[in-house]
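J.: fold the following and give me the result.
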Amino acid sequence: MPDSNGPRDEAVRFFAERFGVSREVLDALTFTDRGDEIWACRSAPPPGIHSVRAPGLRALRRQGAGLKPTSTFLAALGDRITTSRVDLDRADLHRLLLGQRIPSQADVEDGHVALCFRGDVLGCGRIRGGLLQALIPTGRRRELLAALAAERRD
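T.: Got it, this is the predicted structure:
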């Protein structure tokens, strides 16, 4: 089993520094390395039990430019994210979900951000060079676009 302090320290430091998540919130989780990914769960798997599937949620991916948080984990953290949040209006959210980049109006430095709509964290985005981009998986984007369209009909 991998050294649990390595991924724990990496994940806790990342979410605390970039997203302002309280270390106490993250202390309740166990972080496990799975290749280029860090997974989070409430408890460690029992020793001796191996699975091709990791328990919990994928929290981070290691990429050439550093760590990338997953949309699912950001959404699970929700209102515990206190910094690097970008609140979107309906029109900007729609454009982002369609794959467009938009000028960032947020007072947030370049890097990964939590994309929010009406207070809810929807997933991961990135600001680079003053432009905001959604990094939400395609399937989830489709679900969100459908929800926006249904809301408009109501």
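J.: quick one: least confident helix or strand in this structure?
T.: strand 30-34 (a mean of 90; mean pLDDT, DSSP states H and E).
J.: and whichever helix or strand comes after it, how far out from the chain middle?
T.: Moving toward the C-terminus from strand 30-34, the first helix or strand encountered (DSSP states H and E) is strand 37-41. Centroid separation for strand 37-41 versus its chain: 12 Å, with C-alpha atoms, centre = their mean, to the nearest Å.
J.: going forward, begin numbering at 20 instead of 1
T.: In the new count, where the first residue is 20, that last one comes out as strand 56-60.
J.: just name whatever secondary elements whatever helix or strand comes next after strand 56-60 is in contact with.
T.: Scanning forward in sequence from strand 56-60 by DSSP H and E, the next helix or strand is strand 76-82. When contacts are defined as 3 or more C-beta pairs under 8 Å, 6 or more residues apart in numbering; DSSP states H and E, strand 76-82 packs onto helix 24-38, strand 56-60, strand 85-88, helix 90-96. In this view, the C-beta of every residue, glycine as well, is placed from N, C-alpha and C.
J.: average pLDDT for stretch 121-131?
T.: For stretch 121-131, mean pLDDT rounds to 92.
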